[in-house]
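In: Predicted model, plus sequence, below.
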Amino acid sequence: MTAPALTTLRRTPLRRLAGVDRLAVAGAVLLGVVVLAALLAPWIAPYPGDGGSATHPLEALLPPSGAHWFGTDQVGRDVFSRVLFGARTSLLIAVAVLAVSGVAGVVLGVVAGYAGGWARDVIMRVTDIFLAFPALLLSLALAVVLQPSVTTVIVAIAVTWWPWYARLTASVAASVATRGFVDSARCLGVPAPLIVLRHVLPNSLTPVLVQLSLDGGGVILTAAALSYLGLGAHEPTSEWGLMVQQGQSLFTTDWWVVTFPGLAILVTAFSFNVLGEGLRARLSR
Amino acid sequence: MPRYLIRRLGQAVLVVAGVIVLTFAIMRLVPGDPAVAYAGPKATAAELAQARQRFGLDDPLPVQLWNYVRDLLGGDWGTSLHTRQPVRDDLLQAFPASLELVGAALIIALVVGIPLGIAAARYKGRLPDLSVRLSSMLAVSVPVFWLALALQTVFASGLGWLPVAGEYDASLDRTSPLHLFTNITAVDALITGNWPILTSTLAHLVLPALVIAAYPAGVVAQMTRAALIDESARDHARLERALGFGETAVLTRFALRPALNPVLSLIALVFAYSIVNGFLVEAVFNWPGLGRYAADSIRSLDTPAIAGVTLLVAVLYVVANLAVDLLQGVVDPRVRAR
């Protein structure tokens, strides 16, 4: 490590800590609000039925008011209620993608990192191939050949997402594998699978967990883009990307139909990014 | 150097081969019969059989893969189902327009992102830093299709300051026709001195380029900031401070050049990402690039066209990465040893 620069010496540790943590805390609070909205949607939504297939033709395209905070959409559903229910869809997709790709990536990465040799070469070359496709591109291609649905979105994004975790875990696991306690375990005759499970895996997880929290925003944006292109959730599911697509021709006349779902995507992705950034800054100190 | 070059080239070839196999595999997952998609729902059994034979759908999969690779290398990228033209020709026509759009976006991203990164590093931990960090996080969090719709609605449809869609005013094709050299409209208009088309193209570029620039600008600002802070903590910066250079001079005169190295290699990564992000933006602004082509292909489940776009972008990504790695190998000998 290089010596700290003079400028950083002027900052007191307390101020630095406060600055960094404020960011992480702000992100966590914002994300907490979104999670609460998702969990409590059926109870806090003013018109819970509007999260689904209800229609009220007489109340179509009403501007925001006391009765409808975010106005109503083409078939008279309350946009605020649909935005709340949309949080469920988006967070469900994010959690599922991160869980599936995180587990797959960590398993492959730990094997590659610990085993080394040809196993590492094979896994890393396959990883390279998947990394050559920008996430949205490969998900697009996959989503086209599968039937449009929320599950399709999860599968399509997870397929493009795991290589990052495999690569990250492999490099961490490779350095953990050279540590003394792993050598000792090996000398004691502990079988390799047990060494990986008990010693290498737990010590390789932290960077991946931070990366997972950073990536929530990316998953949400990709999922919204797929739904916007008509490859994901479909009517009557409340999904933010789909809501933007359905309302886009109305933007000039009935701005609220498009504006609020878009803002919801922005706020959720932003809260993931702020939280991840705060966590990363904290861990890298 | 030659050994490094050969190893790196070998890796790239391997990845491209894998990309081809993966693209092929995805396209064979298609539910439904490509022959039906080509011949149409009312086709007779004979027409179907003819289509099957034409696409070699009766052959075993490894043979089909082999034929696919052979055709690709021979320049036959299949026939688009919705334009009924060779996919390769479609791509060659659409790609320059995407290049124009993404090129403009990346220029905006660098011009905006680097100074913001410098400002943030200069005033680290203070208000300018916090506002740059927050706004760059906002920029990478905004859904591009929504931003595109919003800007289009406000600045084009609403205020009428900028054109709503398209690459340039089509009526100019009659009054001042454009001679094509590179197929990139803005460049061709510039070198042939076709000012009406050039100004029209630039006006049409502003909004979509700004939307695509949001993500790379945010990433560049964050990266520049981090690299500068890293660099200004090194020994050479202490020496420069001891010699009496101010903080701004240390950053811009000494730390900036080494700090830009990772930023520029980031651009190669962001390039392919921006092309794909452009897919969403081009559809909104009706920009005649790869994205609109991809969106049309998706709508008509045009698998050969989708495979073509996928392959092209993935190969572009591999090539861009290779170019950056090799350049860095030339600039920084330590890279070669890795």
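Out: Great, that's in hand. Since the structure is predicted, the reported quantities are computational estimates derived from the model, not experimental observations.
In: In chain B, where is pLDDT below threshold?
Out: B:1, B:29-41, B:55, B:174-176, B:179, B:329, B:331-338 (pLDDT under 70).
In: what about the residue nearest the centre of it, helix or strand, and which?
Out: With distances taken as C-alpha atoms, centre = their mean, residue B:275 lies nearest the centre of chain B, 2.5 Å away. Counting by DSSP states H and E, the element that carries residue B:275 is helix B:256-285.
In: Report all helices and strands that that helix contacts.
Out: Contacts defined by 3 or more C-beta pairs under 8 Å, 6 or more residues apart in numbering or on different chains; DSSP states H and E place helix B:256-285 against helix A:135-145, helix B:87-122, helix B:144-151, helix B:195-231, helix B:290-299, helix B:303-331. (C-beta placed from N, C-alpha, C; glycine too.)
In: quick one on the thing from earlier: separation between the residue nearest to the centre of chain B and residue A:219?
Out: As judged by C-beta to C-beta, to the nearest Å, residue B:275 and residue A:219 stand 20 Å apart.
In: Just list the residues touching the residue nearest to the centre of chain B, thanks.
Out: Residue B:275 makes contacts with A:134, B:98, B:102, B:290-291, B:313, B:316, as judged by C-beta atoms under 8 Å, 6 or more residues apart in numbering or on different chains.
In: Quick one: residues contacting residue 204.
Out: The chain I'm using is chain A. A:106, A:109-110, A:113, A:169, A:172-173, A:176.
In: sorry, should have said chain B
Out: Here residue B:204 is in contact with B:162-163, B:165-168, B:285, B:287 (criterion: C-beta under 8 Å, 6+ apart).
In: hang on, residue B:53 is in a helix, isn't it?
Out: Yes - Residue B:53 forms part of a helix when assessed by DSSP: H, G, I helix; E, B strand; the rest coil.
In: Report how many residues lie close to it.
Out: As a burial measure, residue B:53 scores 12 neighbours (other C-beta atoms under 10 Å in any protein chain shown).
In: Then residue A:59?
Out: Other residues close to residue A:59 by other C-beta under 10 Å number 18.
In: what does residue B:75 give?
Out: Using other C-beta under 10 Å: residue B:75 sits among 8 other residues.
In: now residue B:54
Out: When neighbours are defined as other C-beta under 10 Å, residue B:54 has 12 of them.
In: Tell me how far it lies from residue B:67.
Out: Per C-beta to C-beta, residue B:54 is found 12 Å from residue B:67.
In: related to what we said a few turns ago, can you check which of the helices and strands packed on helix B:256-285 gets nearest to residue A:86?
Out: Set against residue A:86 and scored by C-beta to C-beta, those come closest in helix B:144-151, at 13.1 Å.
In: other SSEs contacting that closest one?
Out: Contact analysis of helix B:144-151 by 3+ C-beta pairs under 8 Å, 6+ apart lists helix A:201-228, helix A:240-247, helix A:256-283, helix B:195-231, helix B:256-285 as its packing neighbours.
In: With distance to residue A:49 and neighbour count added, can I get the contacts of residue B:275 in JSON lines?
Out: Output for the contacts of residue B:275, formatted as JSON lines (distance: C-beta to C-beta, whole Å; neighbours: other C-beta atoms under 10 Å in any protein chain shown):
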{"residue": "A:134", "distance to residue A:49": "39", "neighbour count": "26"}
{"residue": "B:98", "distance to residue A:49": "44", "neighbour count": "30"}
{"residue": "B:102", "distance to residue A:49": "44", "neighbour count": "30"}
{"residue": "B:290", "distance to residue A:49": "42", "neighbour count": "30"}
{"residue": "B:291", "distance to residue A:49": "37", "neighbour count": "28"}
{"residue": "B:313", "distance to residue A:49": "43", "neighbour count": "27"}
{"residue": "B:316", "distance to residue A:49": "48", "neighbour count": "20"}
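In: Kind regards, and thank you for your time.
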